[in-house]
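Peer 1: Need the 3D shape of this:
(chains A and B)
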Number of protein chains: 2
Amino acid sequence: MTRSELVHQIFSKQTYLCIGLDTDITKIPAHLLEEPDPVFTFNKAIIDATHEYCVAYKINTAFYEAMGVKGWSSLEKTIQYIPDTHFTIADAKRGDIGNTSDQYAKAFFETLPFDSVTVAPYMGEDSVKPFLQYPGKWAIVLGLTSNQGAADFEMLPLSFQQKASDKNIYLYEQVLHTTQRWGTIENLMFVVGATKASEFTNIRSIVPDHFLLVPGVGAQGGSLKEISEKAMNKDGGLLINASRSIIYASAGFDFAEKAAAEAKALQEEMKEYIGRVVSCRL
Amino acid sequence: MTRSELVHQIFSKQTYLCIGLDTDITKIPAHLLEEPDPVFTFNKAIIDATHEYCVAYKINTAFYEAMGVKGWSSLEKTIQYIPDTHFTIADAKRGDIGNTSDQYAKAFFETLPFDSVTVAPYMGEDSVKPFLQYPGKWAIVLGLTSNQGAADFEMLPLSFQQKASDKNIYLYEQVLHTTQRWGTIENLMFVVGATKASEFTNIRSIVPDHFLLVPGVGAQGGSLKEISEKAMNKDGGLLINASRSIIYASAGFDFAEKAAAEAKALQEEMKEYIGRVVSCRL
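Peer 2: Numbers count the residues shown, from 1 in each chain, chains lettered A, B, ... in the order given. Have a look, this model is predicted:
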């Protein structure tokens, strides 16, 4: 999906919600366990119930790999079921030497029809570039993540400043500065956790035009309002992800209906920010 | 596999060779393509021919994921075929927030019987720790990798010194310092590329006792002699990986025989270093 198609979806549906399909077979409603493929059955029902409230689905590959071949099969069925109108993310945190990243790009962009893959930046340029070689496909590089461990390395101060007289910059800021030279706003996004709200103004000064994928709203406690006010740009520029708070809204027969209600509530809040915030940034 | 079992294998077989099963279906001998599972057939023949010369096999997950469900099935068959005498590595470069890394650990340590997984450190402690919770299983954290992109972030100088009057330390050095506090020499190794020979003395001053997984000998050009002399410790302390130079030694009917010859040549060289270098470090 191209950037202009994504922006069109955001404005026409008045939402920048991404729903995370972190589907854990131990957490889905018990009655689904009788199905031949409980995970796919669950995902299908969630997608059917929520697709009008979101513009993207993010599949967390770990939950599928944990089930081996059967899980990988559920993943394939799920990505094939998501409508073409929705931006799809393989939340896989891949990245390796060039010839290996080539294979990961093939896995998610050729063998599977994902629009994007999340990529860990530690190994540098040749680990990221293979994901930037496919027209209409995207690399979503980890910037500042939502977890506590972000303090261990991402927030380490480097020995230099980006501009004279500035503070020493953090590793994650250098990742944004360096990585944006490898791609464009048409094929590169960044992951920034919603729990790091204080950093968003700074992040927008470094990458004003890129889309940001923002996990951490919902179960992890980030504020949709604060992130939207600080980080939206004239194209929207955000995909805000919620996973557990939507897909596990109920453990009963009404799981899909309750998921839809959660998604709808977020969409309605997002509609307000699109009207109020984006209009000021045009 | 425990550390003492691994050390026993190294000394009894006089080798610290790890063979990388980066099996690319476009590179294996053409006659295997008629088999129901060409990748597994290839791997089985390589394992049969080389197991006496190596102590470990490293499966590069990217090459299997690139083939979708079928590839994941070949991966399962391969890990199940590797003898218990051999240390097994899922070279997967995983790492995510805690609840997701839990799932990756489950994927490789419960659903599949790997001894270890390579882990990217960018996201910090909660992304690494789930891999350290299984008795006899290992996390192999990326330190300084063998690729050109290692210069982009891993070699960035931080704003502080580890000891007063030292040079500013690099990110990868801080990764070694910090990460070793999360595990022990019984469950934590580091990846250090063979192409970074000049850094090995320094690396051994930071992590003298940990095992290092060293890719980059062979196709990438690192020197087995130099690495061994600089980085062996009294337990051996190295797993030196070669992938392409062994598994693609021939593209003909003799591929397994030629792979065995390459592996044997490395084993014989390693036998010399075990005799000469390790004895000086006891």
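
Peer 1: Can you show me the helices along the stretch 1-150 of chain A?
Peer 2: For the stretch 1-150 of chain A, applying DSSP state H, counting those that start in this stretch gives helices covering A:3-13, A:38-50, A:61-65, A:68-81, A:98-106, A:125-128.

Peer 1: bridging residues for the residue sitting nearest the centre point of chain A?
Peer 2: The centre of chain A sits closest to A:Leu213, judged by CA atoms, centre = their mean, with a distance of 4.3 Å. In this structure, A:Leu213 bridges to A:Val191, A:Leu239 when assessed by DSSP bridges.

Peer 1: Now for it: which residues touch it?
Peer 2: A:18, A:58, A:89, A:118, A:140, A:189-192, A:239, A:241 (CB atoms under 8 Å, 6 or more residues apart in numbering or on different chains). The way it works is simple: take the backbone N, C-alpha and C, and place the C-beta from them, glycine included.

Peer 1: again, only using 6 Å
Peer 2: Listed by CB atoms under 6 Å, 6 or more residues apart in numbering or on different chains, the contact set of A:Leu213 reads A:140, A:189, A:191, A:239.

Peer 1: Those residues: which two are farthest apart?
Peer 2: Farthest apart among the contacts of A:Leu213 by CB to CB are A:Val191 and A:Leu239. That separation is 9.9 Å.

Peer 1: Tell me how far the closest residue to A:Gly183 other than its chain neighbours lies from chain B.
Peer 2: Nearest non-adjacent residue to A:Gly183, counting by CB to CB, 6 or more residues apart in numbering or on different chains: A:Leu132, 4.6 Å away. Distance, A:Leu132 to chain B, using CB to the nearest CB, to the nearest Å: 13 Å.

Peer 1: Repeat that for A:Thr100.
Peer 2: 5 Å.

Peer 1: how deep is that residue tucked in, by neighbour count?
Peer 2: A:Thr100 has 25 neighbours, counted by other CB atoms under 10 Å in any protein chain shown.

Peer 1: mind listing the strands in chain A by residue range?
Peer 2: A:17-21, A:56-60, A:87-94, A:116-119, A:138-144, A:157-161, A:168-170, A:188-192, A:212-214, A:238-242 (DSSP state E).

Peer 1: closest one to B:Ser12 among those?
Peer 2: Of those, nearest to B:Ser12 by CB to CB is strand A:87-94, at 36.7 Å.

Peer 1: The closest one close to chain B?
Peer 2: Yes: contact between strand A:87-94 and chain B, assessed by CB under 6 Å from any CB of the partner chain, occurs at A:Lys93.

Peer 1: Show me what that strand is in contact with.
Peer 2: With CB under 6 Å, 6+ apart as the criterion, strand A:87-94 contacts A:1, A:6, A:55-61, A:82, A:104, A:108, A:114-120, B:95-96.

Peer 1: and chain A, which residues reach chain B?
Peer 2: A:62-63, A:65-66, A:68-69, A:72-73, A:93, A:95-97, A:100, A:103-104, A:106-107, A:111, A:120, A:122-127, A:142, A:145, A:147-150, A:152-153, A:156-159, A:168, A:178.

Peer 1: which of the helices of the stretch 1-150 of chain A is buried the deepest?
Peer 2: With neighbours taken as mean count of other CB atoms under 10 Å in any protein chain shown, the helices of the stretch 1-150 of chain A reach their highest mean count in helix A:61-65, at a mean of 26.

Peer 1: Would you mind pulling the contact partners of it?
Peer 2: Residues outside helix A:61-65 that contact it (CB under 6 Å, 6+ apart) are A:22-24, A:71-72, A:74-75, A:92, B:100, B:103-104, B:107.

Peer 1: low-confidence ranges in chain A?
Peer 2: Counting by pLDDT under 70, the ranges of chain A that qualify are A:164-165, A:281-282.

Peer 1: show me the contacts for the nearest residue to A:Gly149 once chain neighbours are set aside.
Peer 2: Distances taken as CB to CB, 6+ apart put B:Gly124 closest to A:Gly149, at 2.4 Å, once the chain neighbours are dropped. Shown in contact with B:Gly124 (CB under 6 Å, 6+ apart): A:149-150, A:152-153.

Peer 1: picking that back up, export the contacts of A:Leu213 as a markdown table, with columns for neighbour count and distance to B:Lys234.
Peer 2: Output for these, formatted as a markdown table (neighbours: other CB atoms under 10 Å in any protein chain shown; distance: CB to CB, whole Å):
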| residue | neighbour count | distance to B:Lys234 |
| --- | --- | --- |
| A:Ile140 | 26 | 44 |
| A:Met189 | 27 | 48 |
| A:Val191 | 26 | 42 |
| A:Leu239 | 25 | 52 |
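
Peer 1: quick one: which of the residues you listed is nearest chain B?
Peer 2: Of all the contacts of A:Leu213, A:Val191 has the smallest distance to chain B: 9.9 Å, by CB to the nearest CB.

Peer 1: how much space between the closest residue to A:Val207 other than its chain neighbours and A:Gln133?
Peer 2: What sits nearest to A:Val207 in space, not counting adjacent residues and going by CB to CB, 6+ apart, is A:Leu176, at 5.4 Å. As judged by CB to CB, to the nearest Å, A:Leu176 and A:Gln133 stand 21 Å apart.

Peer 1: Of these two, give the one with the bigger neighbour count.
Peer 2: For A:Leu176 versus A:Gln133, neighbours defined as other CB under 10 Å are more numerous around A:Leu176 (22 against 13).

Peer 1: residue contacts, that one?
Peer 2: Here A:Leu176 is in contact with A:143, A:206-207 (CB under 6 Å, 6+ apart).

Peer 1: hmm, back to that, give the full set of residues in contact with the residue nearest to A:Gly183.
Peer 2: A:Leu132 neighbours (CB under 6 Å, 6+ apart): A:139, A:183, A:187.

Peer 1: The first one: neighbouring residues, count only.
Peer 2: Residues contacting A:Ala139 under the criterion other CB under 10 Å number 27.

Peer 1: same thing with the second one?
Peer 2: Here the neighbour count serves as a burial measure; for A:Gly183 (other CB under 10 Å) it reads 19.

Peer 1: Quick check: chain neighbours aside, which residue is closest to the residue in the stretch 151-282 of chain A that chain B sits nearest to?
Peer 2: For the stretch 151-282 of chain A, the residue closest to chain B is A:Asp152, as judged by CB to the nearest CB, at 3.2 Å. In space, and not counting its chain neighbours, A:Asp152 is closest to B:Gly124: 3.2 Å by CB to CB, 6+ apart.

Peer 1: and if you look at A:Gly218?
Peer 2: A:Ser245 (3.2 Å).

Peer 1: And the one you found, how far from A:Ala259?
Peer 2: Relative to A:Ala259, A:Ser245 is positioned 9 Å away (CB to CB).

Peer 1: Just read off the phi/psi values of A:Asn147.
Peer 2: phi -90, psi 170 (degrees, to the nearest 10).

Peer 1: Check the contact between it and B:Glu125; I expect there is one.
Peer 2: No: at 8.8 Å, A:Asn147 does not count as touching B:Glu125 under the criterion of CB atoms under 6 Å.

Peer 1: helices or strands next to the top helix by length along chain A in the packing?
Peer 2: Longest helix in chain A, counting residues (DSSP state H): helix A:255-273. Using 3 or more CB pairs under 6 Å, 6 or more residues apart in numbering or on different chains; DSSP states H and E, the elements in contact with helix A:255-273 are helix A:38-50, helix A:244-247.

Peer 1: let's go with 7 Å and repeat that
Peer 2: strand A:17-21, helix A:38-50, helix A:224-231, helix A:244-247 (3 or more CB pairs under 7 Å, 6 or more residues apart in numbering or on different chains; DSSP states H and E).
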